[in-house]
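> need coordinates for the below:
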Amino acid sequence: MDELIEKNPSKLKVSYLVPYLIITILIPVAKLHIRVFHNEDMKQVLLHTQWFDDYFCLIKVLLLYLAVILLFIVFIFQKNLDNKFPKILYFLVPYCICLLLSMYFSEYKISALFGIIDMYEGGLTQLCYCCILLFSYYLFSDSEKMVAILKMALTASIPVSIIGILEFTGILPLEKPFAISSTIGNPNYVGTYGAVLLPLAMMLVLIETDGAKRIICLLLFFGSAFFLTAGSMSRAGYLAVFVTFPFFFVLFLKISKEQIKWFIAFISYGLCIFLLMNACGDGVLWEEIESMNPFESAADRNRLIFKDIKLKDSSAAIETNRWFIRLENNGDGFRLYNEKSEEIRFQRDDNIIKFSDEPYSGITGYVVESPEFSWLMLETEGKDIEFVLTNGEMKVVGYNGKVTGISPVESFGFKGKESFASGRGYIWSRAIPLLKKAIFIGYGPDTFTYIFPQNDIVGKLNYGAIWVIIGKPHNWYLQIALGSGVFSLVCLMVIIIWYIVRTLGVVTKNYNNEEIPIKNNSKADEVKRNQTVALGVLMSVIAYCVTGVFNDSTVAVSPLFWMLLGFGISLIQKRNHLAQ
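Numbers count the residues shown, from 1 in each chain. Below is the predicted model of the structure:
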């Protein structure tokens, strides 16, 4: 076997194949129902449940651990390592130190190590990602071997797409109509997955020399990646495609102007898929594109916005953009007043109260009074807020049904734009102030649920509902900064930016050499091929970074990104493969 490998170095060793088979195929495709009982940290947040039924994340993270163990074994027994340790990867050292310190000093050590339910993005997972980056860099210096691995990743998109087709056509049920989740588990992450695979699929079509294989790659690999991106209805995924596709086209012209016809084929085939899906979905995809202005929508302009809620003694005041209510209870029942201190009239039928006068006609109240406490819930436009008078003091009911007061919550930016990007503006505005205590070490990886101000009553009402538990920042960069510290984020971004700039510099360099004719020159063809591979990997890394502005890291897709980053750095270190 070893003799065969030495004679044909482009063939992959079986020992290399198995861990990357797990990373590229099994992790995205795997789905298994596992009942997970809450750890001590999570029990303090989820008071009313004892377990979580996991279908996607736990099996994937277990496969991730297995893949990294196998990669470590392969690395130990690997005799010939062509790649030297690049200076840029020394930035991984402070990154990992910050990660370990954040885990050690975190108040939520169990979650910081393993992650929370339905995520498992704890410190152990983050260290696994770093291992994938390093092993992918060290074990692969030949672009042909990388292409073989990338073909495996694209092959996985086919079964993921088949399940997605069954969901999109209504054969399998969906939580949100037409927004497929497939085996990835979340439409947003499906968008990231598809956006990362799309440049790889285009790259594979462009480097393939056999015409029949090119068509197969176009139909299956490009078609699957495009379908997943479109069917996810993830604006982050759409944005990544809008950024990377023109970028890919312009940069590829620097390498070869002979294959423009294939870009026409990409556009035509993608357009056919989009139109067919849009017709099947009654225009839902086009509506999603039209609504891609994240700052404003017709629904946002007309929605009810809570401006402030204040509690004082036995009274409470609610101010919205439409009305003002002050409610009092001095032991003789609830009385409601407007901003002019005029009593608001309502009709009471048993425990239900209804308002007839404007602007309160859309509000319904529910009252329960007893010697121990008095309770009033006001419900309007699907939002409700509960007030409780106990021991002569007015309180509200917060998340987990806890009776609580209202404390000021620090925020930064997005004033009046909390609905930005499907509520991400609200989450980011409350998460950014938390960075002040996470400069060098963070609160612990995947501990966002515990540090977010969950009792932000006014903010939660505008976001969705008081009882909603915010479990992730919906931003990969905030996720890293809050988890392991701002400094760790800077270290990681230095690596990524260095890689992007260096690769762009090599790929965009005019590769034509007047002394060597391009046509019928095997060296020139090899350089073109290697540059195209480097460009495809680069565009996939950029696509992930773009989606990371709106999406978190997820074990379903992130191993693929870290692998690609390792491949990309390996390619750029072997610059002689990319230029003559």
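> neighbouring contacts of stretch 274-286?
F168, T169, P177, F178, F226, F227, A230, G231, M233 (Cβ atoms under 8 Å, 6 or more residues apart in numbering). For every residue, glycine as well, the C-beta is placed using N, CA and C.
> pLDDT (mean, whole number) over that stretch?
Stretch 274-286 comes out with an average pLDDT of 93.
> list the buried residues in that stretch.
F274, M277, N278, G281, L285 (16 or more other Cβ atoms under 10 Å).
> quick check: the gap between the second one and A179.
Just to be clear, that refers to M277. For M277, the distance to A179 equals 12 Å [Cβ to Cβ, to the nearest Å].
> give the residues shared as contacts by these two.
With Cβ under 8 Å, 6+ apart as the test, M277 and A179 both reach G231.
> next structured bit after the worst-scoring helix or strand of the chain on mean pLDDT?
The helix or strand of the chain with the poorest confidence is helix 2-7; it has a mean of 41 (mean pLDDT, DSSP states H and E). Downstream of helix 2-7, the next assigned helix or strand under DSSP states H and E is helix 14-21.
> for that next one, name the packing helices and strands.
Contacting helix 14-21 under the criterion 3 or more Cβ pairs under 8 Å, 6 or more residues apart in numbering; DSSP states H and E are the following elements: helix 57-77, helix 143-168.
> so for the first one, mean pLDDT?
What helix 57-77 shows for mean pLDDT is 95.
> check stretch 146-153 too.
For stretch 146-153, mean pLDDT rounds to 96.
> contact partners of it?
Defining contact as Cβ under 8 Å, 6+ apart, one finds that stretch 146-153 is touched by 10, 12, 20-21, 24-25, 140, 197, 200, 203-204, 207, 533, 536-537, 560, 563, 567, 570-571.
> could you flag which of these are buried?
Buried, going by 16+ other Cβ under 10 Å: 12, 20-21, 24-25, 140, 197, 200, 203-204, 207, 533, 536-537, 560, 563, 567, 570-571, out of the contacts of stretch 146-153.
> report pLDDT for the residue of the chain positioned farthest from its centre.
Computed with Cα atoms, centre = their mean, the maximum C-alpha offset from the centroid of the chain is found at D332, amounting to 51.2 Å. D332 carries a pLDDT value of 81.
> distance-wise, check it relative to L311.
19 Å.
> poorly predicted segments of the stretch 201-350 of the chain, please.
293-301 (pLDDT under 70).
> tell me the phi and psi of D53?
With angles defined as degrees, to the nearest 10, D53 sits at phi -90, psi 100.
> residues near it, how many?
11 (other Cβ atoms under 10 Å).
> for the one 4 residues further on, same thing?
Neighbouring residues of C57 were enumerated by other Cβ under 10 Å; the total is 25.
> which residues touch it?
Contacts of C57 (Cβ under 8 Å, 6+ apart): I117, D118, M119, Y120, G185, T554, V555, A556.
> what's the ChimeraX syntax to select whichever of those are buried?
Of the contacts of C57, the buried ones go into a single ChimeraX selection, burial set by 16+ other Cβ under 10 Å:
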select :117,118,119,120,185,554,555,556
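> that older thread, so which of the buried ones among the contacts of stretch 146-153 belong to helices?
20-21, 197, 200, 203-204, 207, 533, 536-537, 560, 563, 567, 570-571 (DSSP state H).
> quick one: stretch 92-105 to chain centroid distance?
Its chain's C-alpha centre and that of stretch 92-105 lie 22 Å apart, by Cα atoms, centre = their mean, to the nearest Å.
> what's it in contact with?
Contact with stretch 92-105 is made by 109, 112-113, 122-123, 126-127, 130, 133-134, 440-445, 483-485, 487-488, 491-492, 495, as judged by Cβ under 8 Å, 6+ apart.
> same thing with stretch 305-319?
320-321, 324-330, 378, 385, 387, 389, 392-396, 405-406, 416, 457-458, 461-462.
> distance between it and the chain's centre?
With Cα atoms, centre = their mean as the basis, stretch 305-319 stands 35 Å off its chain's centre.
> as CSV, could you dump the C-alpha coordinates of stretch 202-209?
Extracted C-alpha coordinates of stretch 202-209, given in CSV (Å, rounded to 0.1, in the frame of the first residue of the first chain):
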residue,chain,number,x,y,z
MET,A,202,-17.8,26.3,-9.0
MET,A,203,-14.1,25.6,-8.5
LEU,A,204,-14.5,21.9,-9.1
VAL,A,205,-16.4,22.6,-12.4
LEU,A,206,-13.7,25.0,-13.6
ILE,A,207,-10.7,22.6,-12.8
GLU,A,208,-12.4,19.5,-14.2
THR,A,209,-11.0,18.6,-17.7
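> pull the residues that contact it.
For stretch 202-209, contacts defined as Cβ under 8 Å, 6+ apart pick out 147, 150-151, 154, 214, 217-218, 221-222, 248, 252, 259, 262, 265-266, 529, 532-533, 535-537, 539.
> just the buried ones from the residues you listed, in PyMOL syntax?
In PyMOL syntax, the buried subset of the contacts of stretch 202-209 is picked out as below (16+ other Cβ under 10 Å):
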select buried, resi 147+150+154+214+217+218+221+222+248+252+259+262+265+266+529+532+533+535+536+537+539
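> which strands and helices sit next to the helix or strand harbouring L251?
For L251, the enclosing helix or strand under DSSP H and E is helix 235-255. Helices and strands touching helix 235-255, by 3+ Cβ pairs under 8 Å, 6+ apart, are helix 187-207, helix 223-232, helix 260-280, helix 284-290, helix 486-507, helix 522-547.
> isn't T508 right up against I255?
No. Using Cβ atoms under 8 Å, T508 makes no contact with I255, being 9.1 Å away.
> higher neighbour count, those two?
More neighbours surround I255 than the other of T508 and I255, with 21 against 14 (other Cβ under 10 Å).
> count of neighbours near N321?
Neighbours of N321 (other Cβ under 10 Å): 10.
> what about the residue lying closest to it once chain neighbours are set aside, distance to A317?
Once flanking residues are discounted, N321 sits nearest to I305: 4.5 Å by Cβ to Cβ, 6 or more residues apart in numbering. I305 is 16 Å from A317, where distance means Cβ to Cβ.
> same thing with L26?
As defined by Cβ to Cβ, L26 lies at a distance of 56 Å from A317.
> do the same with L376
In terms of Cβ to Cβ, L376 sits 14 Å off from A317.
> anything in contact with each of those two?
Overlap of the contact sets of L376 and A317 (by Cβ under 8 Å, 6+ apart) consists of L327.
> which one's more surrounded, these two?
L376 (22 against 16).
> got a pLDDT number for the more buried one?
Confidence score, pLDDT, at L376: 94.
> same thing with the one 4 residues further on?
The predicted local distance difference test score for T380 is 90.
> neighbours around it, how many?
The tally of other residues near T380 (other Cβ under 10 Å) stands at 18.
> now it. Its backbone dihedrals?
According to degrees, to the nearest 10, T380 has phi -150, psi 130.
> over to G281?
Torsion angles, degrees, to the nearest 10, at G281: phi -100, psi 20.
> now K417
phi -120, psi 30.
> show me this structure divided up by domain.
Segmentation of the chain into domains, based on automatic domain parsing, reads 2-293+476-577, 300-404.
> centre of the chain to the shortest one, how far?
Read it as domain 300-404. With Cα atoms, centre = their mean, you get 37 Å for domain 300-404.
> same deal with stretch 265-278?
25 Å.
> follow-up on the earlier one: distance of the residue nearest to N321 relative to N338?
I305 sits 18 Å away from N338, taking Cβ to Cβ as the criterion.
> do I470 as well
When distance is defined by Cβ to Cβ, I470 is 33 Å away from N338.
> need the contact list for P86.
Counting by Cβ under 8 Å, 6+ apart, P86 makes contact with Y137, I569, Q573.
> possible to save those residues as a markdown table with distance to S361?
Converted to a markdown table, those look like this (distance: Cβ to Cβ, whole Å):
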| residue | distance to S361 |
| --- | --- |
| Y137 | 65 |
| I569 | 63 |
| Q573 | 69 |
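> selection in ChimeraX covering whichever of these are buried, please.
Buried residues among those (16+ other Cβ under 10 Å), as a ChimeraX selection:
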select :137,569,573
